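Peer 1: sequence first, then the predicted structure:
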Amino acid sequence: MDKLSLFGLLIAFSGIIGGQLLEGGAISVLLQGAAFFIVCGGTLGAVMLQNPHHTFVTGIKMGRWAFVTPKIDFQSLVYQLTAWSSVARKEGVLMLEGQIKNIKDPFVAKGLQLLVDGNSAEKIREVLEVDVSAYEALRWEGARVWEAAAGYSPTIGIMGAVLGLIHVMQNLGEPSKLGAGIAVAFIATIYGVGLANLVFLPIAGKLKMLILQQLMMREMVIDGLEMIANAENPRFIEGKLKGYLN
């Protein structure tokens, strides 16, 4: 669990609610079901219309990365690749075949299988870079799902404001109904802008950072396997891979 994300979200909403209280307003004023339904429903529908099914589902699933961050142990990967290079140099790459079944990451397992099969360094890089490109394209599209939500949300909030004002105009003869309509009008705008800038955009930004980490990990694996295939010295391999730790 990423405590920083939760803490940041808590501070953001606490600041808004605290400001409302300091101005003498009630928290209940910010709780408008109609405004929330307009903004969230409209934004969700627009995002679903924009994206293909697979991209939309991927983006939604990736959203949890902002709070449950995938862990990448670069240090362990450096140690593992260096150990494989020592085994390959002393006993041959075929001795690494038994370790493939113990690897949980499909990308790393595929790379090691290519190495064990006797492919050249160039072939290993060629095959794995196709995987990296496909992975990168899909994940960037997933992050853009949240960026799209941030783009639509404020506009839908304005639509909610207009709907609220229409409601007000229709009930000018009934003063008791004017307050509710005006509240929906302004609260819908707050929901739209607030969700865009406090939730959707920060999640999109964090996902992009995590994608870059994932891509760096894959590039490190490719470099390591390529050097093993070229029978480089294990100390040289370790030294080069440690550069990724910085």
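Peer 2: Received the coordinates, thanks.
Peer 1: where does this protein have its least confident helix or strand?
Peer 2: Confidence across the helices and strands of the chain bottoms out at helix 178-195, with a mean of 80, counting by mean pLDDT, DSSP states H and E.
Peer 1: closest to the centroid, which residue in this protein?
Peer 2: In the chain, the C-alpha nearest the mean C-alpha coordinate belongs to residue 207, at 2.6 Å (CA atoms, centre = their mean).
Peer 1: could I get the average pLDDT for stretch 53-62?
Peer 2: Stretch 53-62 shows a mean pLDDT of 95 in the predicted model.
Peer 1: list the buried residues in that stretch.
Peer 2: Of the residues in stretch 53-62, those buried under the neighbour-count criterion (16 or more other CB atoms under 10 Å) are 55-56, 58-60, 62. For the C-beta atoms, the positions are set from N, CA and C on the backbone; glycine is no exception.
Peer 1: as JSON lines, those residues with secondary structure and distance to residue 24 would be great.
Peer 2: JSON lines is the format used below for the buried residues of stretch 53-62 (DSSP: H, G, I helix; E, B strand; the rest coil; distance: CB to CB, whole Å):
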{"residue": "55", "secondary structure": "helix", "distance to residue 24": "45"}
{"residue": "56", "secondary structure": "helix", "distance to residue 24": "42"}
{"residue": "58", "secondary structure": "helix", "distance to residue 24": "45"}
{"residue": "59", "secondary structure": "helix", "distance to residue 24": "40"}
{"residue": "60", "secondary structure": "helix", "distance to residue 24": "39"}
{"residue": "62", "secondary structure": "helix", "distance to residue 24": "41"}
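Peer 1: output those in JSON lines, with distance to residue 136 appended to each entry.
Peer 2: Below are the buried residues of stretch 53-62 laid out as JSON lines (distance: CB to CB, whole Å):
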{"residue": "55", "distance to residue 136": "13"}
{"residue": "56", "distance to residue 136": "18"}
{"residue": "58", "distance to residue 136": "13"}
{"residue": "59", "distance to residue 136": "14"}
{"residue": "60", "distance to residue 136": "19"}
{"residue": "62", "distance to residue 136": "13"}
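Peer 1: closest to residue 196 among these?
Peer 2: Compare each of the buried residues of stretch 53-62 with residue 196 using CB to CB and the shortest gap goes to residue 59, at 15.6 Å.
Peer 1: please name the residues that touch that closest one.
Peer 2: The contact partners of residue 59, taken as CB atoms under 8 Å, 6 or more residues apart in numbering, are 51, 141-146.
Peer 1: dump the residues you listed to TSV, plus secondary structure, distance to residue 195 and neighbour count.
Peer 2: Supplementary listing: the contacts of residue 59 in TSV, determined by DSSP: H, G, I helix; E, B strand; the rest coil; distance: CB to CB, whole Å; neighbours: other CB atoms under 10 Å:
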residue	secondary structure	distance to residue 195	neighbour count
51	coil	18	19
141	helix	21	17
142	helix	18	24
143	helix	17	23
144	helix	17	19
145	helix	14	24
146	helix	11	26
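Peer 1: which one among those residues gets closest to residue 67?
Peer 2: residue 146 (13.1 Å).
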